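K.L.:
Sharing a sequence plus its predicted fold:
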Amino acid sequence: MTALSAEELLKRKTLKVGVETVSNQQSTDFPGHWPGESHEWDLEHFKQNARVEFVKEVSPLDITFSLVGVDTSFANALRRILIAEVPTLAIEDVFIYQNTSIIQDEVLAHRLGLIPLRGNRDAIRWMKWYQKDEDVPDHEPKNDENCVRLSLNIECKWKEGGLERAKQGVTDPNELYENHSVYARDMSFEPWERQTEKFGEDPVRSSHPDILIAKMRPGQQIELLMHAYKGIGQDHAKFSPVATATYRLMPTIDILRPIVGADAKKFARCFPKGVIRLDKVSAEDEQSHPEECAGKEGELKAVVDDPSGDSVSRECLRHPEFAKKVKLGRLRDHFIFKVESTGQFDSDELFLESVRLLKVKAARIKRGLEAVDR
Amino acid sequence: MSGYTTSGAQQPSTGAAADASTIDIHSRAVSYTCGDCDGDVQLKRGEPIRCRNCGHRVLYKKRTNRMVQFEAR
Ligand SMILES: [Zn+2]
């Protein structure tokens, strides 16, 4: 196998983004495509090429990073595992003793299930699955290792003198009633057995305490118990650890001919902020591109600063003066991941967990194949 | 959201409702809400349906404390 030039490799992995078309999307680095080239999957090749680059961290729960040098199938497997297969804790059973609010029992239970929970991470990792199979006569009992109990007991009442204020025409519920809004922060953790010690100072609670569960008026009351179990997003979206886990391909912008003067400013406005930088035309530019730059030393010149911020709107291709001077594209093996956690785990922990789960799945397939061979 | 069960077997260990069958059916007072003054009205078997406080004859039955189990789906 002859070594390919870097130029040829870059050409192969760059998608061409035209005015109305995208071409060269299909990857070709698999056996049998290029005559005389192997492209067989190779661990050493993977080790040398695959890498993760952290671009910027907005917050631990919302990270952006690049996964470079892997196939789409690999990046997509990680994305799908993040959404549907990393286990988290969520409310599954709701035992309603009293609910006189206007929210129906079924709807209330559904809303409680969707509340993202957080708590001591080691304790949550320590917890095991709860097999919820009612058909099995002696199915696994609930215990402190598979079931987290929470309660919600709240009653709406008139405030001191609220009735009088209402008669005077006051309508602001904050001045009239106590507990007229039920928030996720009103839920309380009911640890049992080892949970008290395991969760310690970091109890199970909503990661977003301001989530509104229900609204009430004086005399209305909610009294219920909740059981939270571990589950995966495949079963129900409430178990998904991420709000979004997405990737997009790294955009490329190639300025073929210099764009100078007023055009440079217009060109920069075709892209999101920070993508195009405005430099000064140098003496060398005058030499190398006399057609565009002659006598324009010191004027503004458009330079690509950070293509990762581009939304690939293709706005620049709509202007005839730029259409011939710029080439847009995307790198097929550069994935810009964005992982937004719901709060139970940090985004980077979730990504590592997805890698671990992919390894477990691969090992399972390997075992299966070995069994077939035998 | 899916169906609910009222089976006693599913009762969780805390906050269980009182066992109704042990209380004598004739002495059991049921609590209602007055449709006019919003007050609490305790009625026993055979009593006239009337608010003790304001005399209003429309009473609303309250929801019992019986536990109902739901799946949060
Ligand atoms: Zn009355």
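P.N.:
Okay, I see it.
K.L.:
Now whatever residue of the stretch 101-250 of chain A ends up closest to the ion, what are its backbone angles?
P.N.:
Residue nearest to the ion within the stretch 101-250 of chain A: residue A:219 (13.9 Å; Cβ to the ion). The C-beta positions use only the backbone N, C-alpha and C, and glycine is treated the same way. Backbone dihedrals for residue A:219, given as degrees, to the nearest 10, come out at phi 100, psi -20.
K.L.:
Quick one: neighbours of it, just the number.
P.N.:
12 (other Cβ atoms under 10 Å in any protein chain shown).
K.L.:
In contact with it, which residues?
P.N.:
Residue A:219 sits next to A:100, A:156, B:38 when contact means Cβ atoms under 8 Å, 6 or more residues apart in numbering or on different chains.
K.L.:
could I get these as JSON lines with pLDDT, secondary structure and distance to the ion?
P.N.:
What follows is the contacts of residue A:219, written out as JSON lines (pLDDT from 0 to 100; DSSP: H, G, I helix; E, B strand; the rest coil; distance: Cβ to the ion, whole Å):
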{"residue": "A:100", "pLDDT": "95", "secondary structure": "coil", "distance to the ion": "18"}
{"residue": "A:156", "pLDDT": "96", "secondary structure": "coil", "distance to the ion": "21"}
{"residue": "B:38", "pLDDT": "87", "secondary structure": "coil", "distance to the ion": "7"}
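K.L.:
Adding neighbour count, write the residues you listed out as CSV.
P.N.:
What follows is these, written out as CSV (neighbours: other Cβ atoms under 10 Å in any protein chain shown):
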residue, neighbour count
A:100, 15
A:156, 22
B:38, 14
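K.L.:
confidence score at residue B:24?
P.N.:
We have a pLDDT of 58 for residue B:24.
K.L.:
Please identify the residues of the stretch 101-250 of chain A in proximity to chain B?
P.N.:
A:105-110, A:112-114, A:149, A:151, A:190, A:219, A:223, A:225-227, A:236, A:238 (Cβ under 8 Å from any Cβ of the partner chain).
K.L.:
List buried members of the residues you listed by neighbour count.
P.N.:
Buried subset of those (neighbour count, 16 or more other Cβ atoms under 10 Å in any protein chain shown): A:105-106, A:108-110, A:112-113, A:149, A:151, A:190, A:223, A:225-227, A:236, A:238.
K.L.:
Identify, from those, the entry nearest to residue A:214.
P.N.:
residue A:108 (6.4 Å; Cβ to Cβ).
K.L.:
how near is the residue in chain B positioned nearest to chain A to residue A:128?
P.N.:
For chain B, the residue closest to chain A is residue B:72, as judged by Cβ to the nearest Cβ, at 2.7 Å. Separation of residue B:72 from residue A:128 (Cβ to Cβ, to the nearest Å): 20 Å.
K.L.:
Ok, residue B:71 next?
P.N.:
Look at residue B:71 and residue A:128: by Cβ to Cβ, they are 20 Å apart.
K.L.:
between the two, who's got more neighbours?
P.N.:
More neighbours surround residue B:71 than the other of residue B:71 and residue A:128, with 19 against 13 (other Cβ under 10 Å).
K.L.:
Verify the stated contact: the more buried one with residue A:96.
P.N.:
No. Look at residue B:71 against residue A:96 with Cβ atoms under 8 Å: they stay out of range, at 11.8 Å.
K.L.:
Quick check: neighbours shared by the two?
P.N.:
With Cβ under 8 Å, 6+ apart, residue B:71 and residue A:96 have common neighbours residue A:109.
K.L.:
which residues touch the residue lying closest to residue A:50 once chain neighbours are set aside?
P.N.:
The spatially closest residue to residue A:50, leaving aside those adjacent along the chain, is residue A:69, at 4.6 Å (Cβ to Cβ, 6 or more residues apart in numbering or on different chains). Neighbour list for residue A:69: A:46, A:49, A:50, A:51, A:333, A:334 [criterion: Cβ under 8 Å, 6+ apart].
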